[in-house]
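Chemist: could you look at this predicted model? Sequence included:
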Amino acid sequence: MGAILEETLKHIKAADEEAIQKAWNRLDNLTKPIGSLGELEEIAAKVSGITGKIHNKINKKTVVIMSADNGVYEEGISNNTQDTTVIVTNNFTKGITGVCILAKHVDSDITVVDIGVKEDFNHPKIINKKIMYGTNNIAKEPAMTREQAIQAIEVGIDIVDNLVKEGYDLLGTGEMGVGNTTTSAAVFSVLSGISPDVVVGKGSGLTEEQLINKKRVVQKAIEINSPDRDDIIDVLAKVGGLDIAGLCGCFLGAAKNRIPIVIDGFISSAAALCAYRLNNNVKDFIFPSHLSAEPGAAYMMEELGLSPMLNLRMRLGEGSGCPLAFSIIEAALCAMNNMATFEEATLNKECYVDIREKK
C-alpha cells in the first residue's frame, strides 16, 4: 500500500457524536414541529458531525471530474465512440456541458482531472495526473497493475488536499470515460456478490442485444481476473477504472480533511463503496445526490447504507447530480443557522406561537 494512502486511512476518524447531539438539540427546538424538515435536519446534523460545529456555512464548492478511458471499450459495450471522452473533457473547459451549467447555477466551480485519457491535453483548466493512456481491456487482462491503482487513489487524495488548501469545503464527484458503467458494474458485482445480470445497465442507451453482450463482458472480466472481493485495491486494479480509483481517493481525502463530499451517480457510487470498504468511517462524510437510472444504483445505496436526496431519473454522469445536492445541503445549513428556537422566538412576543402545543 502506498505511503499517502496508508497515512490517509490512519487519519480518517468517525463523525463527532457530541456535535451531532448538540445539532439535534438545536434542531428539535427550532420554531417548527419536531422532525418536520425531514431530511434537511438529517443533513444539517450530519454536517455538524463532520465539522464539529453547530453552525456551518459553505464557502467554496467544486465538482471534481476524473476523466479516463477504458480498454473494455473494445468489447462493444458502448454506443459512444471512444473519442467522446476527449471531446467532453475539452467541453468541460468551455463551461457548456450539463454539469457545468448546473454548477454555475449554484455558484460552484468544477475541477477537471485527466487521470487516464487516451490523448493528451494542453489546457490550464485540465489538471494532468495521467497514469496511463487508458486502462487495459478487463475482458482479457487486468485493467491496471496494483501499483497503478494505488497511484490513482493517491491522485484523488492529493487533489482533495490541494482543494482544501484553496478553501473548498464542499466537494462533488464526477467522471468522464466511455465504458465506465461497465467497469463500475464489474467492481460493484464483485464487492456485493450480486450477479452482473442484475446490476449491469444500458449505460449510454444500448439495445437489448447490446445489453446482453455487456453483461457477458462483465461476467467474463470477473471470471478471467478473479479479483479478491476482500482486497479493494485488487478489485480496482483487475476490473475497475482509473476514474473510479481516483474518485475513491477523493472520498478518502474528504474524510481525512473532514469536509462533506457528494456522490453523483452509479460510477461515483462504486468509488464511494470502495472508499467505505477501505475505511468504514468514510460513510460519515458522504452525501448521495440522486438515484441513478442504472439498475444497480439502488443496490449500491443499500451496500452503502445511504439514501439519495433525489430521484429525477437522471443518468448523465459528469457529476451532474452534485450541484442539485449542493443547493439542498446549503438550504439545510441555512435553516439551521437562521431559524429561531422557541426560546429565541420569545424575544419577539408579537409573532411568537408555540406550535409544539398544537395537536
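Modeler: Great, that's in hand. Residues are numbered from 1 along each chain as shown.

Chemist: any idea how far Val178 is from Arg142?
Modeler: Just to correct that, residue 142 is Pro rather than Arg. 19 Å (C-beta to C-beta, to the nearest Å). From N, CA and C alone the C-beta is placed, and that goes for glycine too.

Chemist: what about these two, which has more around it?
Modeler: Val178 (26 against 22; other C-beta atoms under 10 Å).

Chemist: what does the longest helix along the chain contact?
Modeler: Identified as the longest helix of the chain according to DSSP state H is helix 146-165. Contacting residues not belonging to helix 146-165 are listed as 1-2, 4-5, 8, 62, 64, 66, 111, 113, 115-116, 127, 129, 131-132, 144, 171, 233-234, 236-237, 240, 242, 245-254, 256-257, 259 [C-beta atoms under 8 Å, 6 or more residues apart in numbering].

Chemist: which members of these are classed as buried?
Modeler: The neighbour-count test (16 or more other C-beta atoms under 10 Å) marks 4-5, 8, 62, 64, 66, 111, 113, 115-116, 127, 129, 131-132, 144, 171, 233-234, 236-237, 240, 242, 245-254, 256-257, 259 as buried among the contacts of helix 146-165.

Chemist: looking at these, which are in helices?
Modeler: Using DSSP H, the buried ones among the contacts of helix 146-165 in helices are 4-5, 8, 233-234, 236-237, 242, 245-254, 256-257.

Chemist: who touches Thr135 in this structure?
Modeler: Neighbours of Thr135 in contact, by C-beta under 8 Å, 6+ apart: Ala68, Asp69, Asn70, Gly71, Val72, Gly116, Ala143, Met144, Thr183, Gly241, Leu242.

Chemist: from those, list the buried ones, please.
Modeler: Here, 16+ other C-beta under 10 Å leaves Ala68, Asp69, Asn70, Gly71, Val72, Gly116, Ala143, Met144, Thr183, Gly241, Leu242 buried among these.

Chemist: my read: the fourth one touches Ile138, true?
Modeler: Yes - in this structure, Gly71 sits in contact with Ile138. The criterion is C-beta atoms under 8 Å, and the distance is 6.9 Å.

Chemist: got TSV for the buried ones among the contacts of Thr135, with pLDDT and distance to Lys202 too?
Modeler: TSV is the format used below for the buried ones among the contacts of Thr135 (pLDDT from 0 to 100; distance: C-beta to C-beta, whole Å):
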residue	pLDDT	distance to Lys202
Ala68	98	21
Asp69	98	20
Asn70	98	17
Gly71	98	21
Val72	98	16
Gly116	98	24
Ala143	98	22
Met144	98	26
Thr183	98	15
Gly241	98	18
Leu242	98	23
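
Chemist: just checking, Ala14 touches Lys283?
Modeler: No - in this structure, Ala14 is not within contact of Lys283 by C-beta under 8 Å, at 9.1 Å.

Chemist: just say helix, strand or coil for Gly174.
Modeler: Assigned state for Gly174: strand (three-state reduction, DSSP: H, G, I helix; E, B strand; the rest coil).

Chemist: give me the pLDDT for it.
Modeler: pLDDT, Gly174: 98.

Chemist: contact partners for it?
Modeler: For Gly174, the contact set (C-beta under 8 Å, 6+ apart) comprises 63-66, 99, 110, 264, 268, 317-320, 322.
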